[in-house]
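Engineer: Got a predicted model here, sequence first, then my questions.
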Amino acid sequence: MLVDLNVSWPQKDFKTPISKGDEELLKATLMTLKTLGYTHVALNFTVSHMEKFPNNVKEMNPMNINERFKELMEHTGLKIYSRITLVIDDPSKGQSVAKISQAYDIVAAQPVSEKGLTLATTNLDIDILTFNYQQRLPTMLKHKTICSCVNKGIKVEIVYGAALRDSQSRKQFISNARSVIRSSRGRGIVISSGALQPTECRNILGATSIVGFLGLKSDSCSRAMGELASLVLLNGRLRRKSYKQVIAVGSENVVDSVSSDDSRNVKIVRRMNGEEPTTKRVKS
C-alpha cells in the first residue's frame, strides 16, 4: 500500500472552477502516480481559513471525485480521496472546522503565523499539520509543540515537491524539512508529493532519496508513505463514520491494510465486501 496524501487540486477558491486543461493535467498526474506504484491518492484543495465558505455542506467540496474520476478509478483501481488544507493566519477570523470536515476525507492545517501554529496544534480537530515548504516557517518549531501534536495522532507532513522546483524553493525546503524532522524527533511524519504536474511525482525510492539525507531514516520514510499515511485515511474515516472515533459502524471498508500506530494504539481493521454489518471498537 503506497499513499500520496497531497496532489494539488488546481483551484484557488470556491468561485473559480477548474478548466478542462487543468483537469486533464491532474488526470495525467494521477496516472503517473499509479504507474509509480501508488494505490491511494488524496487531492488537496488549499484555501484560506478566512475564506467565505458555502453555507451548504454539499457545495463545500468542489471536486466531485465520484463523478469526475469515476472512469479513471474503475480503469486503474486507484483510490482517490478529498482533502482540504486550511491556511491559518488569524485564528479569530477562521471558519468552523467541524462543519468543513463533514465534506472532506482529510482535514489539514497549514499555519503561516505563530498564533496559527498554536491553534492548529492545540484546538483544531485535524488529521495533518503541514507547512509551505517554499517559504520560511512561521516560527521556530519546538519539540514540545510538535511532539504533543504527534502524541494526539496528528501527522506532520513533509512535501518533497518543493525540492524539485527552483533553487530558492529547494534551499528553503531543506531548511524547513530539517526543522520538522528535528522537532518531531522523526516521529509521526508522512511524506507527500504536493505535485502540480506529472514531472514532480516520485516513486518510494525517489522520495526516500530526497528526504532521507535530511535526517529521516529509510525505514521511517517507507512507513511515512505507507503505514502512517494509511492511518491518516483511517483517522479521517473515523471522524466522519464513528462516534468520537471509538465505534465504527457498517460493512464499508475502513482501509485496505492491517497495521497499528504505537502513539495512539489504533488498529486498522480490514472488512471484506459482502460482510454483514458489524460494530468494531477502536481504542483511541
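Structural biologist: Looks like it arrived, so ask away. Since this is a predicted model, take the numbers as computed values, not measurements.

Engineer: Which elements pack onto the longest helix anywhere in the chain?
Structural biologist: Longest helix of the chain, by residue count under DSSP state H: helix 167-184. Here helix 167-184 touches helix 143-151, strand 155-159, going by 3 or more C-beta pairs under 8 Å, 6 or more residues apart in numbering; DSSP states H and E. C-betas here are computed from N, CA, C, even on glycine.

Engineer: who touches it?
Structural biologist: Here helix 167-184 makes contact (C-beta atoms under 8 Å, 6 or more residues apart in numbering) with 131, 133-137, 140-143, 145-147, 150, 156, 158, 160, 162-164, 189, 211, 214-216.

Engineer: low-scoring stretches of the stretch 1-150 of the chain, by residue?
Structural biologist: With pLDDT under 70 as the threshold, the stretch 1-150 of the chain has low-confidence stretches at 94-95.

Engineer: which residue ranges form the helices in it?
Structural biologist: 20-35, 65-68, 70-76, 97-100, 114-122, 143-151 (DSSP state H, counting those that start in this stretch).

Engineer: And the fifth one, what's buried?
Structural biologist: By neighbour count on 16 or more other C-beta atoms under 10 Å, the buried set for helix 114-122 is 115-117, 119-121.

Engineer: if we can go back for a sec, so which of the helices and strands packed on helix 167-184 is the most packed in?
Structural biologist: strand 155-159 (a mean of 26; mean count of other C-beta atoms under 10 Å).

Engineer: Show me what it is packed against.
Structural biologist: Applying 3+ C-beta pairs under 8 Å, 6+ apart, we find strand 155-159 packed against strand 3-8, strand 128-129, helix 143-151, helix 167-184, strand 189-192, helix 227-241.

Engineer: Only alpha carbons, please: show the third one as PDB.
Structural biologist: Extracted as PDB, the C-alpha positions of helix 143-151 are listed here (Å, rounded to 0.1, in the frame of the first residue of the first chain):
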ATOM      1  CA  HIS A 143      10.000  19.800  20.500                       C
ATOM      2  CA  LYS A 144       7.200  20.300  23.000                       C
ATOM      3  CA  THR A 145       4.700  21.800  20.500                       C
ATOM      4  CA  ILE A 146       5.300  19.300  17.600                       C
ATOM      5  CA  CYS A 147       5.600  16.200  19.800                       C
ATOM      6  CA  SER A 148       2.400  17.000  21.700                       C
ATOM      7  CA  CYS A 149       0.700  17.300  18.300                       C
ATOM      8  CA  VAL A 150       2.100  13.900  17.200                       C
ATOM      9  CA  ASN A 151       1.100  12.300  20.500                       C
END
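
Engineer: can you state the direction angle for it and strand 155-159?
Structural biologist: Here helix 143-151 runs at an angle of 100 degrees relative to strand 155-159 (axes from the mean of the first three to the mean of the last three C-alpha atoms, to 10 degrees).

Engineer: Report the separation between residue 164 and residue 53.
Structural biologist: Per C-beta to C-beta, to the nearest Å, residue 164 is found 32 Å from residue 53.

Engineer: hang on, I meant residue 68
Structural biologist: Taking C-beta to C-beta, one finds residue 68 at 20 Å from residue 53.

Engineer: Next: residue 43.
Structural biologist: From residue 43 to residue 53 the distance is 18 Å (C-beta to C-beta).

Engineer: same check, this time on residue 134
Structural biologist: Taken as C-beta to C-beta, the span from residue 134 to residue 53 is 25 Å.
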